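Student: Quick one: sequence plus predicted model below, questions after.
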Amino acid sequence: MFSLNIDDELALGLLEPRHAEALFRLTDLNRLYLRPWLTWVDGTKTVEDTRSFIRRGLEQFARGGGLQAGLWFRGEIVGCIGLIEIHPELRRTEIGYWLSESLQGRGIVTRACRRLCSYAFDELGLHRVVIRCAPENLKSRAIPERLGFKQEGTLRAEGVTAKGFVDLVVYGLLAHEWRALQEKRS
């Protein structure tokens, strides 16, 4: 199965049916925290709902259309990250993520996104990676900004949350920009 080690305490790996109970518990514990930003939270009411999400993710991965991974911090699942949909003909994808409220502020998602960008550009040969965030979701927006994504604009009423339609700020990063950023880091 697919997995990427990030560092000594952090890894991401393809979600499998055996992870359904732990992922559902994590979702349930963070339901109130996630609800303002992620509409799927209210539709995830049982372990079977989580198992169905995992099954769809595995089917998507098998056909090369995306990747749904768990984030493991010190051996425990603490959130999810994924390539929401890979468009091979356009060589682009979008990263989506969420993390347990109790682990915010440790750089976990930033490190995971950095590794996922490396995978998307260097291993999949993609040309463009996008991250979309609600304007008010400052923690989420800080991640693409930290990684060198360019803010490209705001799509009006593009997303849906528990409050209804919301704007989404679009951040984009191109393969040549990624390579230049990596050269600066080394």
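Tutor: Nice, I can see it. Please read these numbers as outputs of a predicted model, since none were measured by experiment.
Student: Relative to R51, how far out is N5?
Tutor: Distance of N5 to R51, given as Cβ to Cβ, to the nearest Å: 26 Å. From N, CA and C alone the C-beta is placed, and that goes for glycine too.
Student: Neighbour count: these two, which is higher?
Tutor: R51 (18 against 11; other Cβ atoms under 10 Å).
Student: That one touches E16, doesn't it?
Tutor: No. Between R51 and E16 there is no contact under Cβ atoms under 8 Å: 10.1 Å.
Student: Going along the chain, name the helices of the chain.
Tutor: Using DSSP state H, the helices of the chain run over 20-29, 31-34, 40-43, 47-62, 108-118, 138-146, 175-185.
Student: can you put these in TSV and add distance to I95 and mean pLDDT?
Tutor: Output for these, formatted as TSV (distance: least, Cβ to Cβ, whole Å; pLDDT from 0 to 100):
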stretch	distance to I95	mean pLDDT
helix 20-29	18	98
helix 31-34	17	95
helix 40-43	16	92
helix 47-62	14	97
helix 108-118	6	97
helix 138-146	8	97
helix 175-185	12	95
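Student: Tell me which of the ones you listed sits nearest to I84.
Tutor: Nearest to I84, of all the helices of the chain, is helix 47-62, at 9.3 Å by Cβ to Cβ.
Student: Remind me what that closest one packs against, helices and strands.
Tutor: Applying 3 or more Cβ pairs under 8 Å, 6 or more residues apart in numbering; DSSP states H and E, one finds that helix 47-62 makes contact with strand 10-14, helix 20-29, strand 67-73.
Student: Please repeat the previous calculation with a cut-off of 6 Å.
Tutor: Where contact means 3 or more Cβ pairs under 6 Å, 6 or more residues apart in numbering; DSSP states H and E, helix 47-62 is packed against helix 20-29.
Student: Name the residues that touch the helix it packs on?
Tutor: T44, V47, T50, R51, I54, I77 (Cβ atoms under 6 Å, 6 or more residues apart in numbering).
Student: got a list of what the third one touches?
Tutor: Yep, that's T50 we're talking about. Listed by Cβ under 6 Å, 6+ apart, the contact set of T50 reads A20, L23, F24.
Student: and the gap between E89 and H127?
Tutor: Going from E89 to H127 by Cβ to Cβ gives 11 Å.
Student: who has more neighbours, those two?
Tutor: Neighbour count, other Cβ under 10 Å: between E89 and H127, H127 has more, with 16 against 6.
Student: ok, now how distant is the residue nearest to the more buried one when sequence neighbours are not counted from R35?
Tutor: Excluding the flanking residues, the one nearest H127 by Cβ to Cβ, 6 or more residues apart in numbering is R91, at 3.9 Å. The gap separating R91 from R35 is 34 Å, by Cβ to Cβ.
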